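A.B. asks: return a 3D structure for these sequence lines:
(chains A and B)
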Amino acid sequence: MGKRIAKEVSIAIAEAVKQCRVDVIAAYPITPQTHIVEHLSELVANGELDAEYITVESEHSAISACLGSVATGARTFTSTSSQGLALMHEILFIAPALRLPVVMVVANRALSAPISIWNDHGDIMAERDIGWIQTFAENGQEAVDLVYHAFRVAEDRRVMFPAIVNIDGFTLSHMIEPIELPDQEQVDRYLPPFRPRYKLDPRKPLTMGPVGIPEIYTEAKKAQDEAFKNAYRVILKAWDEFEEVFGRRYRPVETYRMEDAEVALLIMGSLAETAMTAVDRMREAGKKVGLVRLRLWRPFPLRDFVKAVKGLKVLAVIDRALSPGATGGPVGTEVRSALYQVPGRPRVVNFIAGLGGRDVTVEDFEEMADRAYVYMKKKPKEPYEMIGVKE
Amino acid sequence: MIEVRLHGRGGQGAVTSAELIAVAAINQGKYAQAFPSFGPERRGAPVQAFVRVSEHPIRTREKIYFPDVVLVLDPSLPSIVKVTSGLKEDGWVILNSHKSEKELREMLGWQGKMAVVDATKIALEELGLPITNTTMLGAFLAATGLVDQGYLEEALEERFGRLAEKNKKALARAIKEIKIYQ
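C.D. replies: Predicted coordinates:
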């Protein structure tokens, strides 16, 4: 079995990528970057990882190189953050449409301006519609485990979509904590070699990425959307198999102390751990509060989500990103829409918290739950509220 | 759960010290988190690093506001940073200083538990450099006993390789020369 070690989460992720026997890493090595690709470059330079490491002049080039690489049938990885992810934007849409299963870890950080290097989900929420599989990690162990899962799912012939594993910048990326790294044998058992049906090969020429004239563009997009929805089953199955091999169980939607809950907090990412502590405290005080966490963000786990919030009176959705002028944060609007057709749905209230590295404390979560209790009886005036704003 | 805040200056190894405490605790079978005060890194500027150690899985990602232990690596910091800020009443402040108990208590306005060692002197004699982070780990061990010396030494060996020996000596001297004021 695996070994329990004390590692910075970024370094552990790099070790996991190595265990996935990645062929190519293309990355822009300057800020905003993570220790993930820094450590991978050391592993390649030391001869511990037999892979091509391509340093490029921008994130736009990094993701472009990744697409070319995976198109030839090479297992490919990259990592970035904040403005770097934004610079990839144009190319990110191309990967799923061409069914190129790149795997990327994004250390979620705020976008400028004001200039910020700190954690929120502004960078990734701007990439909500790129068509990649997206998961959010709660802690270092999960971050590592989601990397194995991402390769396993993305490269599955029934899927063939790129995947992003989101980890909170700093609060996860720079955290040293205990992580169990599995044995290489376990990873090999879980992750078969990458064998795409179609690949760029001069001996067998084919075209990828031709023009989609109006007569076929809609059909191409319909096919992409259907295939993406169908990926859901494989995502679940790959988590079942993960449990068989590694002994840890993951689901697209996780719940905590939801038995008889009237109010629940909903959050994605590492702050769920702080929220659990808040839920424990509120339960001790006799409040019927629970927690829902979305691990899988795209494709959205609609049915499992609806099941998880059944019976609630109020669902307090906490967004880590602002969508200016919208009717809520990105997760808030998503959840409201998901529940609109559901009879007896809970009231959805939406809070924006933890922008640009602002700490979200146990007390903050308690305050949000308290406000949710108030909104059980009276409708909120605004579609969303920001938490912790200094007056 | 014990929460520790380390104060140092950029380049003095406060983050490394935090990491070494966490590595020792985790290798000992405990749970721990170590993290820097996230932000741009500037050599010489006052910096902080944090450690949590617990017998149980740690379920919070908050910053540390009310530490049980404050470990100060640089003797010039207490006069410019309020190092006892948020420190629990029964908490420890552990200082690198050659000053007397009376002088330090007056400067800090702190009547609680205090441990003091002249780590700069030890580091200069043992390492030839005024880098006090590993010496202050000795002070930390002597005052709190939060992790085992053996595991901490192992962490040092893993981190510093052939330089570990000198650092272990500095650490051991701090344990011997520390002055504890309860």
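A.B. asks: quick one: mean pLDDT for the lengthiest helix in chain A?
C.D. replies: Of all segments of type helix in chain A, defined using DSSP state H, the longest is helix A:214-246. When the per-residue pLDDT values of helix A:214-246 are averaged, the result is 98.
A.B. asks: which element follows it toward the C-terminus?
C.D. replies: With elements assigned by DSSP states H and E, the helix or strand that comes after helix A:214-246 is strand A:253-256.
A.B. asks: relative to that following strand, what are the paired strands and their orientations?
C.D. replies: For strand A:253-256, the paired strands and their directions (DSSP bridges) are strand A:289-294 (antiparallel).
A.B. asks: name the residues that touch the following helix or strand past the strand it pairs with?
C.D. replies: Sequence-wise, the next helix or strand downstream of strand A:289-294 (DSSP H and E) is strand A:296-298. Contacts with strand A:296-298, where a contact means CB atoms under 8 Å, 6 or more residues apart in numbering or on different chains, come from A:128, A:131, A:132, A:133, A:134, A:135, A:136, A:166, A:235, A:252, A:253, A:268. Every residue, glycine included, has its C-beta placed from N, CA and C.
A.B. asks: and the first one, how many residues sit next to it?
C.D. replies: Residue A:128: 17 surrounding residues under other CB atoms under 10 Å in any protein chain shown.
A.B. asks: what pLDDT does it get?
C.D. replies: pLDDT recorded at residue A:128 is 97.
A.B. asks: tell me the mean pLDDT for stretch A:167-177?
C.D. replies: Mean pLDDT, stretch A:167-177: 97.
A.B. asks: can I get the CA coordinates of that stretch in PDB?
C.D. replies: The C-alpha atoms that make up stretch A:167-177 are tabulated as PDB, following Å, rounded to 0.1, in the frame of the first residue of the first chain:
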ATOM      1  CA  ILE A 167      -7.000  23.300  -6.300                       C
ATOM      2  CA  ASP A 168      -7.300  26.500  -4.200                       C
ATOM      3  CA  GLY A 169      -4.200  28.700  -4.700                       C
ATOM      4  CA  PHE A 170      -2.000  28.900  -1.600                       C
ATOM      5  CA  THR A 171      -4.600  27.400   0.800                       C
ATOM      6  CA  LEU A 172      -3.900  24.100  -1.000                       C
ATOM      7  CA  SER A 173      -1.100  24.700  -3.500                       C
ATOM      8  CA  HIS A 174       1.400  25.900  -0.800                       C
ATOM      9  CA  MET A 175       0.200  23.800   2.100                       C
ATOM     10  CA  ILE A 176       2.300  21.100   3.700                       C
ATOM     11  CA  GLU A 177       0.100  18.300   5.000                       C
END
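A.B. asks: anything in it near chain B?
C.D. replies: Yes: counting by CB under 8 Å from any CB of the partner chain, chain B is contacted by stretch A:167-177 at A:168, A:170, A:171, A:174, A:175, A:176, A:177.
A.B. asks: any idea how far that stretch is from the middle of the chain?
C.D. replies: Taking CA atoms, centre = their mean, to the nearest Å, one finds the center of stretch A:167-177 at 14 Å from the center of the full chain.
A.B. asks: got the contact list for residue A:25?
C.D. replies: Shown in contact with residue A:25 (CB under 8 Å, 6+ apart): A:17, A:37, A:40, A:41, A:44, A:51, A:52, A:53, A:54, A:76, A:77, A:78.
A.B. asks: most neighbours among the residues you listed, please name it.
C.D. replies: Highest neighbour count within these, by other CB under 10 Å: residue A:76, with 31 neighbours.
A.B. asks: what's it sitting at in phi/psi?
C.D. replies: The phi and psi torsions at residue A:76 (degrees, to the nearest 10) take the values phi -130, psi 140.
A.B. asks: my guess is it contacts residue A:64, does it?
C.D. replies: No: using CB atoms under 8 Å, residue A:76 and residue A:64 do not qualify as a contacting pair, with a distance of 11.6 Å.
A.B. asks: quick one: residue B:67 and residue B:90 touch, right?
C.D. replies: No: using CB under 8 Å, residue B:67 is not in contact with residue B:90, being 11.7 Å away.
A.B. asks: assign a three-state SS to residue B:57, would you?
C.D. replies: coil (DSSP: H, G, I helix; E, B strand; the rest coil).
A.B. asks: grab the nearest non-local neighbour of it.
C.D. replies: The shortest distance from residue B:57 to any residue other than its chain neighbours is 5.4 Å, reached at residue B:31 (CB to CB, 6 or more residues apart in numbering or on different chains).
A.B. asks: same deal with residue A:26?
C.D. replies: What sits nearest to residue A:26 in space, not counting adjacent residues and going by CB to CB, 6+ apart, is residue A:65, at 3.7 Å.
A.B. asks: from chain B, how far out is the one you found?
C.D. replies: Noted for residue A:65: a distance of 29 Å to chain B, by CB to the nearest CB, to the nearest Å.
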